[in-house]
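Participant: Fold the stuff below for me.
(one chain, ligands or ions: 2)
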Amino acid sequence: MPGEFQAASATQRGARVGYHPRPMNVLGLETSCDETGVAVYDTAAGGLRAEALYSQADLHAVYGGVVPEIAARDHIRCLLPLIDRVLAEAGIERPDAVAYTAGPGLVGALLVGSGMAAGLGMAWDCPVVAVHHMEGHLLAPMLESAPPEFPFLALLVSGGHSMLIAVRGLGDYTLLGTTLDDAVGEAFDKTAKLAGLGYPGGPALAKLAQDGDANAYALPRPMLGRPGFDFSFSGLKTAVMLEVRKATEAGELDKRRADIAASFQRAAVDTLVGRTLEAARAEGLERLVIAGGVGANRLLRQEMSARFPGRTFYPRAAWCTDNGAMIALAGALRLPDAGAAGEILARARWPLESLPVPGA
Ligand code: KG4
Ligand code: ZN
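Facilitator: Ligands and ions are numbered 1, 2, ... in the order given. Have a look, this model is predicted:
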């Protein structure tokens, strides 16, 4: 099997969240894109009992992006062995509930997790919870030992989304701003591709940027200072494309690559931080959560911590990118919403604001 399983078997203590009439072990399954993630969350201990992640990145790298059919097939191959392994490491034969990512994501990939969850729910005669992937990201900081209290502002930045959300309670979400075009993770990935880096580009671009001068190019900070809290990253992407073209024509791309990466990263981070500060001020929110894959970006964390006037909360980098732990936790919190036995949900699109307050 290509790639490496990453596993954590020790119980990791985090927040004891939600109300559960009896202690529950919740198995979480994440298969929305190119990562197979499995974890067991223990509501009594308020932490994970075990988790494992298998990244398909190597399989997709040759194509320069995620191939949906390959993603679905590989989830089929990896999911059961990962579940076996995580249950063994958690020291339980069967969990008390199964949670799975029901969307948004690639439908074929989602169906693998939802079909598996439905089957396990029937076999184990236990509740099955459909989890919204972005709610999983949003709640991931609650896996840490100092979780944020409601209300807070959330900056959710991933490969498919860039959102600012006022979070006043579980399921009480007001979308303040979203991207009008590319998500910021997508902008990182596309810029990385232009700079000749592989897939997924975000982490590689951030690494290359360490050797570059962030002031070498004057790139736009789109939308800053404009009314509202929406983002737009296509102008920034085009500006980078023009600089790459100029450098290529001058035969200097190799020399210029790190400066371009650093200047892009700086412009993207300035835009995210500026917009977030504006939204927090307008909404009077003093706590900030940053989550989603781009939340792993070191410069974004540094800048936000330095400039946000209140407290900032970040999940560790491994819980910023896709993982089963956040799905197990969100499933534990959403247990009152467990669906009918055998229900299989897979939604390519699913607005976060449409989620109910649990049990309401
Ligand atoms: O949340 P995630 O794992 O998957 C989605 O739900 O999309 O986010 C993946 C995105 C990719 O675009 C990846 O390039 C980006 O997050 N990413 C980063 C970093 N780590 C992951 N972008 C910038 N800096 C990073 N360190
Ligand atoms: Zn994600």
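Participant: per-residue confidence for the residue nearest to Leu352 when sequence neighbours are not counted?
Facilitator: Of all residues not flanking Leu352 in the chain, Met134 sits nearest, at 5.1 Å (CB to CB, 6 or more residues apart in numbering). For glycine as for every other residue, the C-beta is placed from the backbone atoms N, C-alpha and C. Met134 is assigned a predicted lDDT (pLDDT) of 97.
Participant: Checking Met134 next. Helix, strand or coil?
Facilitator: The three-state assignment at Met134 reads helix, by DSSP: H, G, I helix; E, B strand; the rest coil.
Participant: show me the contacts for it.
Facilitator: Contact analysis of Met134 by CB atoms under 8 Å, 6 or more residues apart in numbering lists Pro104, Leu156, Ser158, His161, Met163, Gly292, Leu352.
Participant: Excluding sequence neighbours, find me the nearest residue to the residue most central in space within the chain.
Facilitator: For the chain, Gly292 is the residue whose C-alpha lies nearest the centre (CA atoms, centre = their mean; 3.0 Å). Excluding its sequence neighbours, the residue lying closest to Gly292 (CB to CB, 6+ apart) is Ser158, at 3.5 Å.
Participant: The one you found and ligand 1: what is the separation?
Facilitator: 3 Å (CB to the nearest ligand atom, to the nearest Å).
Participant: so how many other residues sit close to that residue?
Facilitator: Residues within reach of Ser158, counting by other CB atoms under 10 Å, total 24.
Participant: In the stretch 101-250 of the chain, what residue comes closest to ligand 1?
Facilitator: For the stretch 101-250 of the chain and ligand 1, the shortest gap (CB to the nearest ligand atom) falls at Gly202, measuring 2.2 Å.
Participant: How about the residues of the stretch 51-200 of the chain by ligand 1?
Facilitator: Selection of the stretch 51-200 of the chain residues close to ligand 1 by CB under 6 Å from any ligand atom yields Ser158, Gly159, Gly160, Gly185, Phe188, Asp189, Pro200.
Participant: could you redo the last one with a cut-off of 8 Å?
Facilitator: 105, 133-134, 137, 157-161, 183-186, 188-189, 192, 200 (CB under 8 Å from any ligand atom).
Participant: Show me which of these are buried.
Facilitator: 105, 133-134, 137, 157-161, 183-186, 188-189, 192, 200 (16 or more other CB atoms under 10 Å).
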